[in-house]
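Engineer: How does the following fold in three dimensions:
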Amino acid sequence: MNLPPPASSLAVLSRRRLLAAGAASLSAPLAWSQAAFPSRPLTIIVPFTAGGSSDIGARMLATELGKLLGQSVVVDNVAGAGGAIAMQKLIRSPADGYTLLYGGLSESLLIPLINPAVNYKVEDLLPIAMVGSAPVVFVTRPEFPANSMDELIEMARKNPGKFSFGSSGIGSFAHVMTEVIKERTRVFMVHIPYRGASQITTDVISGQIDLGVTTVVAATSMLGAKRLKVLGVSSKKRVAAISEVPTFAESRALKDVEMQVWALMFTPRGTAPAIVSKLNTAINAAMETPPIKSLLAKLGAELPGLMTPAQAQAFLLAEQKMYRSVVSRIKPE
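Structural biologist: Reported below is the predicted structural model:
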């Protein structure tokens, strides 16, 4: 005859069943929520006003990403303080994958390195994927005596402080990249900071300053009209749109220097790895679509290669290492 278990054993079994059921009820919603991500619209923060290259790239990506994720993706332009306001908004957002940021070199890396008062650090940002990269060009007026970067550097060595270059502000990519070149070649040129990039090319053409540092797409119209000439492009390979222009790699003084402006997609630090992985897969798939490939070519940009989150993090750390020594000597405005 089988006797029922004692009351004490029943109590133990009941507690075990209750704990098991409780654990299952807790884990099931978590697994369901991760599998269902995203279940509502996403937002991509752009650190600048509408119409610029970052905004154009983010909007095209938002369209393709929305198709792949099955949710609408809206763009939120948050301009101000060179991109710092947008970065601050991102790191204050919940780390749930629903708020992303289309961030470039200046606002993501250079500004917080130069100015701790912006109240965010590179370490606050979690890179998801690379979404674009482009070399910069050094431009001057057509009658300027130098016709290459080597000729410019030789002139600058013989005439310290005679030549000037403009940038879109202290800590901008144009400023820091030129400081890298000055350090590598041991030349001195005067930095003229502007409040934005639009006036720089105008002042280069008029002779108010000698050099401007900008992207290919920003200089294209002026180059086509022969109002500017390009001394060099900061890449290993020549750029198709300006194939006659030599690269830094072809110069004597800068053959080991390669610099790019880039954009990474970021989310706040602490976002769940499963969500980051899903976003990375979707973003990389979007970057392979014909509309985005066509847009990158139009902007004079490229995608060096699809990156995993770990590769994007390694890339960011390598860039931080390259620029840290230079920016440590730059005083914020």
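
Engineer: The stretch 101-250 of the chain: strands as residue ranges?
Structural biologist: In the stretch 101-250 of the chain, the strands defined using DSSP state E, counting those that start in this stretch lie at 125-140, 164-167, 190-193, 211-215, 229-233.

Engineer: so which of those strands comes closest to Pro112?
Structural biologist: Pro112 lies closest to strand 125-140 among these, at 9.1 Å (Cβ to Cβ). From N, CA and C alone the C-beta is placed, and that goes for glycine too.

Engineer: quick one, domains of the protein?
Structural biologist: Domain assignment for the chain, taken from automatic domain parsing, gives 42-134+261-327, 135-250.

Engineer: Tell me which of these approaches Ala36 most closely.
Structural biologist: Set against Ala36 and scored by Cβ to Cβ, the domains of the chain come closest in domain 42-134+261-327, at 10.4 Å.

Engineer: picking up where we left off before, would you turn the strands of the stretch 101-250 of the chain into CSV with distance to Lys67 and mean pLDDT?
Structural biologist: Shown next, in CSV, are the strands of the stretch 101-250 of the chain (distance: least, Cβ to Cβ, whole Å; pLDDT from 0 to 100):
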stretch, distance to Lys67, mean pLDDT
strand 125-140, 16, 94
strand 164-167, 38, 93
strand 190-193, 41, 93
strand 211-215, 28, 89
strand 229-233, 34, 93
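
Engineer: Just send those strands back as a markdown table, with distance to Phe248 and mean neighbour count too.
Structural biologist: A markdown table is the format used below for the strands of the stretch 101-250 of the chain (distance: least, Cβ to Cβ, whole Å; neighbours: other Cβ atoms under 10 Å):
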| stretch | distance to Phe248 | mean neighbour count |
| --- | --- | --- |
| strand 125-140 | 8 | 24 |
| strand 164-167 | 16 | 23 |
| strand 190-193 | 20 | 15 |
| strand 211-215 | 12 | 25 |
| strand 229-233 | 6 | 23 |
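
Engineer: could I get those as TSV with distance to Leu254?
Structural biologist: Converted to TSV, those look like this (distance: least, Cβ to Cβ, whole Å):
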stretch	distance to Leu254
strand 125-140	10
strand 164-167	15
strand 190-193	18
strand 211-215	13
strand 229-233	7
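
Engineer: Would you tell me which of those strands gets closest to Glu154?
Structural biologist: Across these, Glu154 has its closest neighbour in strand 229-233 (12.0 Å, Cβ to Cβ).

Engineer: Taking their axis directions, that closest one and strand 211-215 sit at what angle?
Structural biologist: Strand 229-233 runs at 60 degrees relative to strand 211-215, counting by axes from the mean of the first three to the mean of the last three Cα atoms, to 10 degrees.

Engineer: Run through who's touching strand 229-233.
Structural biologist: Contacts to strand 229-233, defined as Cβ atoms under 8 Å, 6 or more residues apart in numbering, come from residues 135-142, 144, 146-149, 151-152, 211, 216, 219, 223, 239, 242, 245-248, 251, 254.

Engineer: where do the helices sit along the stretch 151-300 of the chain?
Structural biologist: Under the criterion DSSP state H, counting those that start in this stretch, helices of the stretch 151-300 of the chain are mapped to 173-185, 198-206, 216-224, 273-287, 290-298.

Engineer: buried stuff in the second one?
Structural biologist: This means helix 198-206. Neighbour-count burial for helix 198-206, counted by 16 or more other Cβ atoms under 10 Å, picks out Ile200, Thr201, Asp203, Val204, Ile205.

Engineer: How about the fourth one?
Structural biologist: Residues of helix 273-287 classed as buried: Ile275, Val276, Lys278, Leu279, Asn280, Thr281, Ala282, Ile283, Asn284, Ala286, Met287 (neighbour count, 16+ other Cβ under 10 Å).

Engineer: Can you lay out the residues you listed as a markdown table showing distance to Val73?
Structural biologist: Shown next, in a markdown table, are these (distance: Cβ to Cβ, whole Å):
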| residue | distance to Val73 |
| --- | --- |
| Ile275 | 15 |
| Val276 | 16 |
| Lys278 | 14 |
| Leu279 | 11 |
| Asn280 | 15 |
| Thr281 | 15 |
| Ala282 | 10 |
| Ile283 | 11 |
| Asn284 | 15 |
| Ala286 | 10 |
| Met287 | 14 |
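
Engineer: thinking again about what came up before, any idea which of the domains of the chain scores lowest on pLDDT?
Structural biologist: Ranked on mean pLDDT, the bottom entry among the domains of the chain is domain 135-250, at a mean of 89.

Engineer: And for the closest residue to Tyr98 other than its chain neighbours, the neighbour number?
Structural biologist: Leaving aside its sequence neighbours, Tyr98 sits nearest to Leu42 (Cβ to Cβ, 6 or more residues apart in numbering; 5.3 Å). Neighbour count for Leu42, taken as other Cβ atoms under 10 Å: 20.

Engineer: so Leu42 makes contact with Leu101?
Structural biologist: No. Applying Cβ atoms under 8 Å, one finds Leu42 not in contact with Leu101, separated by 11.4 Å.

Engineer: Tell me who's in contact with Glu151.
Structural biologist: Pro145, Leu231.
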